[in-house]
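Peer 1: what's the 3D shape of this:
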Amino acid sequence: MATEKEVASVEEQRIALDPAEVVPFSVFTTLQKRWILFITGFAGFFSPLSSFIFYPAIVPIATGLGVTIGRINLAITTYLVVSGIVPAILGNAADKIGRRPVYILALLIYFVANVGLAVQNSYPALLVLRMLQSAGIAGTVSLGYGVISDIATPSERGSCVGIFSLGLNLGPPLGPVLGGIIAAKLGWRWIFWFLVITGGICLFMALLALPETARAIVGDGSIPTTGINRTLIPVSCSSSRTRDIGDKPARNMTMKDHLALFPNPLVSLKLLLELDLLILLFCNAIYYTTGACAQTSLSSLFMQVYGYQELQAGLTYIPFGLGALASVYIWGKFLDFEYARISRSLGYDPDEVKEKLIDDFPIELTRLRSISYLTTLTAAATVGYGWTVQKQVTFGTLTTDLNPGRSSTAAASANILRALLAAGGTAALQPIIDAVGAGWCFTIFGFLVAACGPLLLLEIRIGPKWRESRKNRRAESDNVSS
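Peer 2: Have a look, this model is predicted:
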């Protein structure tokens, strides 16, 4: 394993080269990057899929295990709670020991949990194994954002996040449809056998050909890897220049170095103390909670109001999925366009800026410029959805930009707020609907979304100062450590 000082030396030598010979940000080719994004997106796909594929099977599982629907719903809440905690551990570990070993561990845990869920016959086993399932797969989202920061420059991350998010956004619409069909035709146990088969394929692909990308381990991708960090099939093809720079023998690690490799979940919590990051993560959590509550209510409300059957209710998720797919593609391209446009307006060459995040570059304005339109649209759609039934985002990219080298940890911080708020929201959803109706329930969520607008404007205005302050504190801390 390369040490941080050795990786830094590689970066310094890369930058010190003649401008005509400067090595790219990453030695991975475009095709290799697409392959990496495909595997990470495939792994990330199982996080929402495992949650949504469960919904149509709630009643048959309750019947099969002889328990109430309310007790089965508890398995959903515990799934969300665990999904908010575990990524803080896995994300920090991935930043230290590499993405690849953590991916393999997570997918292996997920595989074993699904086998257990397919054969278990008791409610306690269901509850424990669902938590284990969540522990295995929830971290793949934060790991994916970490991989993106490893292989993509700031100007490319919008499109990369869009590609990666395809898997995340396919899960919610496909999950209920697949769950309904499988439960109806083969029985609810085959839902978990389906996840065993598909999850096993993903695990095999990762073992075979998911390269290590963590810059603390491989730098720009040119530093050779060993052990679990090395793929069974060679994937990277670095230049001789970077091989010459990167093939330095690593120094012997001290006990302090080994202790530093142990994951520290508190690092993710510490990021919540940064005001600019807290605003982003809180607004992201509100949006996520609103979406989760809308999706959770969709099938049950349509069954109650319109008399839909399980499969019909599952099909109502398709419009949501199509909208999400269109959104991630369009807004990914738009973010890259805005990055290039604002770079040129400030006199920067986008191809030069993309190598690193320049201190005085207004990244907050670039990423959040159009947020007022999206916030208004989301709030209006949320309120409209609730009243229609009763009467018969962007943030992940900016969070990654603001935490170079710690992107998995930052994504885990986002996941803590998102998952815990969503768990609370989904638990309170039905009581609120029963008390005030779907219209007023989603009016409340709409106002919560709208309230994020002023906070994000504050982020655009004051965020650069907070970012500079955080950079100075980290520099002072690094000086003390060295």
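Peer 1: pull the helix or strand with minimum mean pLDDT from the protein.
Peer 2: Least confident helix or strand of the chain, by mean pLDDT, DSSP states H and E, is helix 240-246 with a mean of 40.
Peer 1: Report the mean confidence score over the one helix or strand residue 450 maps to.
Peer 2: In the assignment (DSSP states H and E), residue 450 maps to helix 407-481. Taken as a whole, helix 407-481 carries a mean pLDDT of 67.
Peer 1: now do stretch 139-157
Peer 2: 84.
Peer 1: hey, C-alpha coordinates of that stretch in PDB?
Peer 2: Extracted in PDB, the C-alpha atoms of stretch 139-157 (Å, rounded to 0.1, in the frame of the first residue of the first chain):
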ATOM      1  CA  GLY A 139     -22.700   1.600   1.800                       C
ATOM      2  CA  THR A 140     -22.500   1.100  -1.900                       C
ATOM      3  CA  VAL A 141     -24.000   4.500  -2.500                       C
ATOM      4  CA  SER A 142     -21.400   6.400  -0.600                       C
ATOM      5  CA  LEU A 143     -18.700   4.200  -2.100                       C
ATOM      6  CA  GLY A 144     -19.900   5.000  -5.600                       C
ATOM      7  CA  TYR A 145     -19.600   8.800  -4.900                       C
ATOM      8  CA  GLY A 146     -16.000   8.100  -3.700                       C
ATOM      9  CA  VAL A 147     -15.100   6.300  -6.900                       C
ATOM     10  CA  ILE A 148     -16.500   9.200  -8.900                       C
ATOM     11  CA  SER A 149     -14.200  11.600  -7.100                       C
ATOM     12  CA  ASP A 150     -11.300   9.300  -7.800                       C
ATOM     13  CA  ILE A 151     -11.600   9.000 -11.500                       C
ATOM     14  CA  ALA A 152     -13.500  12.200 -12.600                       C
ATOM     15  CA  THR A 153     -12.500  15.800 -12.500                       C
ATOM     16  CA  PRO A 154     -14.900  18.400 -11.100                       C
ATOM     17  CA  SER A 155     -16.100  19.300 -14.600                       C
ATOM     18  CA  GLU A 156     -16.900  15.700 -15.400                       C
ATOM     19  CA  ARG A 157     -18.600  14.700 -12.100                       C
END
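Peer 1: Quick check: the gap between residue 192 and residue 205.
Peer 2: 20 Å (Cβ to Cβ, to the nearest Å). (Each C-beta comes from the backbone N, C-alpha and C, glycine too.)
Peer 1: neighbour count winner among these two?
Peer 2: residue 192 (25 against 16; other Cβ atoms under 10 Å).
Peer 1: That one: which element?
Peer 2: Taking DSSP H and E as the definition, residue 192 sits inside helix 189-209.
Peer 1: Output the contacting helices and strands for the next helix or strand after that helix.
Peer 2: Heading C-terminal from helix 189-209, the first helix or strand you meet, by DSSP H and E, is helix 215-218. If contacts are counted by 3 or more Cβ pairs under 8 Å, 6 or more residues apart in numbering; DSSP states H and E, helix 215-218 sits against helix 4-16, helix 69-97.
Peer 1: State the mean pLDDT of whichever helix or strand comes after the last one.
Peer 2: So that's helix 69-97. Going down the chain from helix 69-97, the next helix or strand is helix 99-119, by DSSP H and E. The average pLDDT for helix 99-119 rounds to 95.
Peer 1: And the next helix or strand after helix 99-119, what's buried?
Peer 2: The helix or strand immediately downstream of helix 99-119 is helix 123-137, counting by DSSP H and E. For helix 123-137, burial by neighbour count (16 or more other Cβ atoms under 10 Å) applies to 123, 126-137.
Peer 1: Closest one of those residues to residue 42?
Peer 2: residue 137 (11.6 Å; Cβ to Cβ).
Peer 1: Relative to residue 150, how far out is the closest one?
Peer 2: 21 Å.
Peer 1: Count the neighbours of residue 213 for me.
Peer 2: 25.
Peer 1: So what does it have for phi and psi?
Peer 2: Torsion angles at residue 213 (phi, psi; degrees, to the nearest 10) stand at phi -120, psi -10.
Peer 1: what helix or strand does the residue nearest to it when sequence neighbours are not counted sit in?
Peer 2: Of all residues not flanking residue 213 in the chain, residue 150 sits nearest, at 3.8 Å (Cβ to Cβ, 6 or more residues apart in numbering). Per DSSP H and E, residue 150 falls inside helix 139-151.
Peer 1: Which residues in that helix does the neighbour count mark as buried?
Peer 2: Neighbour-count burial for helix 139-151 flags 139-151 (criterion: 16+ other Cβ under 10 Å).
Peer 1: What helices and strands are in contact with it?
Peer 2: helix 30-52, helix 69-97, helix 99-119, helix 157-185, helix 395-401, helix 407-481.
Peer 1: Just to check, residue 159 is in contact with residue 333?
Peer 2: Yes - with contact defined as Cβ atoms under 8 Å, residue 159 reaches residue 333; the gap is 6.4 Å.
Peer 1: the more surrounded of these two?
Peer 2: residue 159 (21 against 13).
Peer 1: That one and residue 25, how far apart?
Peer 2: In terms of Cβ to Cβ, residue 159 sits 14 Å off from residue 25.
Peer 1: same question, residue 141
Peer 2: 23 Å.
Peer 1: one step back: so which of the helices and strands packed on helix 139-151 is the most surrounded?
Peer 2: helix 395-401 (a mean of 24; mean count of other Cβ atoms under 10 Å).
Peer 1: could you give me the average pLDDT of that helix?
Peer 2: Rounded mean pLDDT across helix 395-401 is 54.
Peer 1: cool, and stretch 25-39?
Peer 2: Here the average pLDDT along stretch 25-39 is 89.
Peer 1: quick one, helices of the stretch 201-350 of the chain?
Peer 2: Along the stretch 201-350 of the chain, counting by DSSP state H, counting those that start in this stretch, helices occupy 215-218, 240-246, 255-260, 266-270, 275-306, 310-315, 318-345, 350-353.
Peer 1: mean pLDDT lowest for which of these?
Peer 2: helix 240-246 - the lowest mean pLDDT of those, at a mean of 40.
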